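Student: Need coordinates for the below:
(one chain, ligands or ions: 1)
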Amino acid sequence: MGMRVLVCGGAGYIGSHTVIQLLAAGHDVLILDNFANSKPAVIKRLESITGEHLRVHAFDLRDAERTERLFDHEQIEAVIHFAGHKAVGESVEKPLEYYQNNLGSTFSLLRAMERHGVTKLVFSSSATVYGENAPVPMTEDLPTSATNPYGWTKVMIEQVLRDVAVAQPDQRIAILRYFNPVGAHRSGTIGEDPSGIPNNLLPYICQVAVGRLQKLRVFGDDYDTPDGTALRDYIHVEDLAAGHVAALARLTATERAVSTWNLGTGNGSSVLEMLHAFERAVGRTLPYEIVGRRAGDIAASFADPGRARAELGWKATHTIDDMCVDSWRWQSQNPNGYPDA
Ligand code: WQD
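Tutor: Here you go, the predicted model:
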């Protein structure tokens with residue numbers, strides 16, 4: 001049954017892909033985004049993909065007054081909260097900015113939801129909350145910790161949500177822990193568009209392939225893994241978006257105040273496997289160099305996605321090759337990402 005859903009951070013990489021699937025599922029979508037880490041150009045792309053006019057509120061979620069006015073004027077029935085800073089390295093340099101932004105925006109949202117009796121919330125969390133020494137495949141009952149301020153904001157917000165659920169048992173909250181989101185909508189008109197030099201593997205490879213960067217540096221090949229390079233659970237952003245739609249539907253039926261689900265494939269792929277899959281998508285080899293490990297990296301991270309499958313009826317379906325073909329279509333059609341205007 002369609003609901004009016006506020007998507008905080010709806011102009012971002014995962015948010016924009018989720019907006020498309022929410023509309024396809026019959027929901028009515030409102031986008032809130034301050035465009036701190038996204039471009040307004042994505043809205044027109046979304047409108048041409050969906051054929052719908054999208055209503056966008058462009059302000060900072062930390063602005064409690066404007067957030068209150070938004071809830072006052074709109075009959076919001078559910079919220080998906082993507083908004084937040086998410087660069088690990090940057091969070092180490094600017095911890096106060098990360099805590100203030102990620103926690104402050106969440107508090108502003110939760111207070112407005114409480115004042116207006118909005119109880120359904122899907123929160124964008126991350127496998128980073130499993131910390132440095134988690135056994136693989138990772139299950140949702142593992143203890144949480146972090147090794148950087150960004151990760152701590154996710155650990156802390158999860159705790160805030162669990163405490164809010166105790167105080168307000170009519171809440172219906174879904175905490176979704178993403179593994180490594182990659183890929184792009186099949187149209188090639190929306191995709192990941194990091195500002196500056198990408199920290200993450202796939203956007204970096206994309207920019208090598210399109211000629212913006214010279215070569216990939218592979219951070220270490222001396223891990224205890226089949227080819228020595230680190231394993232990650234790469235998941236197509238379309239599968240991730242589908243997981244949000246499934247979680248939202250579940251919130252209308254569950255009796256549980258807060259639920260936590262891993263959104264991953266359950267498979268670990270190595271850096272070199274991803275590089276070679278991307279080479280297959282591009283049709284040529286790409287330059288790379290093996291260098292030392294990156295501080296803070298772990299050898300292997302991949303999900304046990306069994307709970308999401310059992311409780312949401314959700315399963316990732318896209319392959320590594322799908323992810324690379326779709327990423328390459330986006331990057332080759334948009335060598336410099338979204339236009340500024
Ligand atoms: C993947 C693998 C690198 C770049 C991060 C965040 C996590 C989440 C997802 C937000 C690792 C290797 C990378 C490069 C490389 N983000 N690599 N050369 O570190 O698993 O997770 O993004 O929630 O919070 O920590 O992803 O893409 O940075 O790295 O060899 O230029 O690729 O060492 O093994 P990561 P990543």
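Student: which residues sit against the helix or strand containing I205?
Tutor: According to DSSP states H and E, I205 maps onto helix 201-209. With CB atoms under 8 Å, 6 or more residues apart in numbering as the test, helix 201-209 has contacts from 180, 182-183, 192, 194, 197-198, 213-216, 232, 234, 271, 274-275, 278, 282, 286-288, 323-324, 327-328, 330-332. For the C-beta atoms, the positions are set from N, CA and C on the backbone; glycine is no exception.
Student: do that helix and the ligand meet?
Tutor: Yes: judged by CB under 6 Å from any ligand atom, helix 201-209 and the ligand are in contact via L201, Y204.
Student: on that earlier part again, just checking, which of the contacts of helix 201-209 belong to strands?
Tutor: N180, V182, L216, R232, Y234, Y288 (DSSP state E).
Student: Was I right to think the last one contacts L216?
Tutor: It refers to Y288. Yes: the pair Y288 / L216 is scored as a contact, 4.0 Å apart, by CB atoms under 8 Å.
Student: returning to that earlier point: among the ones in strands among the contacts of helix 201-209, who's most crowded?
Tutor: Among the ones in strands among the contacts of helix 201-209, V182 has the most neighbours (other CB atoms under 10 Å), with 29 neighbours.
Student: Next, work out how far apart that one and the ligand are.
Tutor: Here the criterion is CB to the nearest ligand atom, to the nearest Å. By it, V182 lies 8 Å from the ligand.
Student: Show me what that residue is bridged to.
Tutor: Beta-bridge partners for V182, by DSSP bridges, are H236.
Student: M274 versus that one, what's the distance?
Tutor: 8 Å (CB to CB, to the nearest Å).
Student: For those two, list the residues in contact with both.
Tutor: Shared contacts of V182 and M274 (CB under 8 Å, 6+ apart): L201, L202, Y234.
Student: Next, count neighbours for the second one.
Tutor: Translated: L202. L202: 23 surrounding residues under other CB under 10 Å.
Student: Also the first one?
Tutor: Here the number of neighbours of L201 (other CB under 10 Å) works out to 20.
Student: Overlap in contacts, Y288 and L216.
Tutor: Joint contacts of Y288 and L216 (CB under 8 Å, 6+ apart) are V208, L275.
Student: G313 is in contact with V245, isn't it?
Tutor: No: with contacts counted by CB under 8 Å, G313 stays clear of V245, the gap being 11.2 Å.
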